[in-house]
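Student: below is the structure, and that's it, no one-letter string:
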């Protein structure tokens with residue numbers, strides 16, 4: 001994957017431990033944000049995906065079991081939290097069209113919940129199949 005001129009991709013590799021540790025050092029802020037996301041997305045179904053899953057700090061407690069992440073270091077942490085990780089970037093999601101319905105602004109995709117910005121989505125979330133069918 002190429003580098004973005006404003007944010008080198010390897011920054012997530014170099015600072016993965018520090019990034020993840022931030023949530024321990026700032027537990028109150030983390031729990032406030034987690035509660036906010038839970039209010040917005042109270043019941044993700046089994047085909048929800050977190051785009052930019054990072055270390056899995058949000059996906060795991062939210063019950064989201066699939067994530068998209070470009071950083072191998074952060075993906076390893078997410079896998080350690082029980083998240084199945086697809087390596088990729090949000091700008092070029094390597095998931096077959098028609099799998100997810102929409103994307104709320106917090107970076108999560110949920111079948112059956114319409115949201116802005118996702119084209120080629122399926123009107124029937126049952127047509128998405130299991131996660132092995134999702135990767136393009």
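Tutor: Here it is on my side, so go on. Owing to the predicted nature of the structure, the values given are computational and were not obtained by experimental measurement.
Student: check contacts around residue 82.
Tutor: Neighbour list for residue 82: 56, 60, 65 [criterion: CB atoms under 8 Å, 6 or more residues apart in numbering]. Yep, even glycine has a C-beta here, placed from its N, CA and C like the rest.
Student: may I have the phi/psi pair for it?
Tutor: Note on residue 82: its backbone torsions stand at phi 90, psi 20 [degrees, to the nearest 10].
Student: quick check: it vs residue 15, distance?
Tutor: 23 Å (CB to CB, to the nearest Å).
Student: likewise residue 47?
Tutor: 31 Å.
Student: state which helix of this structure is the longest.
Tutor: The longest helix of the chain (DSSP state H) is helix 27-40.
Student: any idea how many residues pack against residue 25?
Tutor: Each residue near residue 25 was counted by other CB atoms under 10 Å, and the total is 9.
Student: and what of residue 30?
Tutor: 16.
Student: name the helices or strands packed onto the host helix or strand of residue 17?
Tutor: For residue 17, the element it lies in under DSSP states H and E is helix 16-25. Where contact means 3 or more CB pairs under 8 Å, 6 or more residues apart in numbering; DSSP states H and E, helix 16-25 is packed against helix 72-80.
Student: quick one: contacts of the helix it packs on?
Tutor: Contacts of helix 72-80 (CB under 8 Å, 6+ apart): 12-13, 16-17, 19-20, 53-56, 59-60, 67, 69, 85, 87.
Student: okay, angle between that helix and helix 16-25 too, please.
Tutor: For helix 72-80 against helix 16-25, the angle by axes from the mean of the first three to the mean of the last three CA atoms, to 10 degrees is 50 degrees.
Student: on the C-terminal side of helix 72-80, identify the next helix or strand.
Tutor: strand 84-87.
Student: strands paired with that following strand, and their directions?
Tutor: Sheet pairing of strand 84-87 (DSSP bridges) gives strand 66-69 (parallel).
Student: and residue 71, how far from residue 16?
Tutor: Distance from residue 71 to residue 16, by CB to CB: 6 Å.
Student: these two: who's more crowded?
Tutor: Between residue 71 and residue 16, residue 71 has the larger neighbour count (other CB under 10 Å), namely 26 against 19.
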